[in-house]
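Peer 1: Quick one, fold the following:
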Amino acid sequence: MNQKIKKINIDKNLCLGCGSCAAIAPGAFQLGNDGKAELLPNWQKTEDKELTAAVRSCPTKAITLDYY
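Peer 2: Here you go, the predicted structure:
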């Protein structure tokens, strides 16, 4: 059974601002003014496999996914 991503959580305390998430999924993530990852409003248009790859690329596991 395929699960769909319902929500993406970013722990700003864990984020180093390395930008790997934004490099892999630029339609979903960007680095904000604070230098930390932030979620873009239209992230749902990004494919789940791209989102998953971006989350896996985070060296501190600051990004987590919630599924339906």
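
Peer 1: residues near Lys45, how many?
Peer 2: The tally of other residues near Lys45 (other CB atoms under 10 Å) stands at 9. Yep, even glycine has a C-beta here, placed from its N, CA and C like the rest.

Peer 1: neighbours around Lys4, how many?
Peer 2: Neighbours of Lys4 (other CB under 10 Å): 8.

Peer 1: Setting aside sequence neighbours, what's the nearest residue to it?
Peer 2: Counting by CB to CB, 6 or more residues apart in numbering, Tyr68 is the residue found nearest to Lys4 once chain neighbours are left out, at 4.8 Å.

Peer 1: Let me see the contact set for that neighbour.
Peer 2: Gln3, Lys4, Ile5, Lys6 (CB atoms under 8 Å, 6 or more residues apart in numbering).

Peer 1: 7 Å instead?
Peer 2: For Tyr68, the contacting residues are Gln3, Lys4, Lys6, by CB atoms under 7 Å, 6 or more residues apart in numbering.

Peer 1: Columns secondary structure on top of those residues, output as JSON lines?
Peer 2: Formatted as JSON lines, those follow (DSSP: H, G, I helix; E, B strand; the rest coil):
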{"residue": "Gln3", "secondary structure": "coil"}
{"residue": "Lys4", "secondary structure": "coil"}
{"residue": "Lys6", "secondary structure": "strand"}
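
Peer 1: Out of these, which one has the lowest pLDDT?
Peer 2: Lowest in pLDDT among the contacts of Tyr68 is Gln3, which has 83.

Peer 1: ok, which stretches of this structure are helices?
Peer 2: 20-24, 48-57 (DSSP state H).

Peer 1: could I get those as CSV with mean neighbour count, mean pLDDT and distance to Thr64?
Peer 2: As requested, those are exported to CSV (neighbours: other CB atoms under 10 Å; pLDDT from 0 to 100; distance: least, CB to CB, whole Å):
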stretch, mean neighbour count, mean pLDDT, distance to Thr64
helix 20-24, 19, 98, 12
helix 48-57, 16, 96, 7
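
Peer 1: Brilliant, that's me finished.
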